[in-house]
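>>> following is a predicted model, sequence given first.
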Amino acid sequence: MNNNYVFNRLLTTLNLHRNHDMTAKIFKLGGTHSEITKSLVKSWRISDEQNRLYRPMLDKTLISFFDGLQQASKDELIDINCDIVIRIKE
């Protein structure tokens, strides 16, 4: 599992996979100063290293995204509801 896989799963789980503007804003809130283009986000969503469009997401970039998610949640720009139900089978 690589950073691209984690990033793609997060975007899908949080329903951000079609909202580039919010994704770019989250990176900015997390401290990323470079421009986050749609093509860059698309390349980070590819986890297959053999794909010619694949670009590896650096650890610091993924951390910036996590930091931005936390700040966006505090600023109430997004709602992260993590209700987890664990059922024990007997």
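The structure has been received and is ready for your questions.
>>> show me the contacts for residue 38.
Residues counted as contacts of residue 38 (C-beta atoms under 8 Å, 6 or more residues apart in numbering) are residue 20. C-beta here means a position set from N, CA and C on the backbone, and glycine is covered the same way.
>>> use 44 as the first number for this chain going forward.
Renumbered: residue one is now 44, and that last one reads residue 81.
>>> gap between it and residue 54?
According to C-beta to C-beta, to the nearest Å, residue 81 stands 12 Å off from residue 54.
>>> same check, this time on residue 48
Using C-beta to C-beta, residue 48 is found at 11 Å from residue 54.
>>> which one of the two has more residues nearby?
Neighbour totals were compared for residue 48 and residue 54, and residue 54 leads with 19 against 14 (other C-beta atoms under 10 Å).
>>> so which strand or helix has the nearest residue to that one once chain neighbours are set aside?
Spatial nearest neighbour of residue 54, chain neighbours left out: residue 60 (4.3 Å); criterion: C-beta to C-beta, 6 or more residues apart in numbering. Assessed by DSSP states H and E, residue 60 sits outside every helix and strand.
>>> neighbours around residue 87, how many?
Neighbour number of residue 87 under other C-beta under 10 Å is 23.
>>> actually residue 97, not the one I wrote
For residue 97, using other C-beta under 10 Å, the count is 16.
>>> residues contacting the nearest residue to it once chain neighbours are set aside?
Distances taken as C-beta to C-beta, 6+ apart place residue 89 nearest to residue 97, at 4.6 Å, with adjacent residues excluded. Neighbouring residues of residue 89 by C-beta under 8 Å, 6+ apart: 47, 51, 96-98.
>>> how about low-confidence regions in this structure?
124-133 (pLDDT under 70).
>>> and the longest helix seen in the chain, what does it pack against?
Ordering each helix of the chain by length in residues (DSSP state H) puts helix 102-117 first. Packing partners of helix 102-117 (3 or more C-beta pairs under 8 Å, 6 or more residues apart in numbering; DSSP states H and E): helix 46-56, helix 63-72.
>>> which one, of those, ends up nearest to residue 123?
Shortest distance between residue 123 and those, using C-beta to C-beta, is found for helix 46-56: 9.7 Å.
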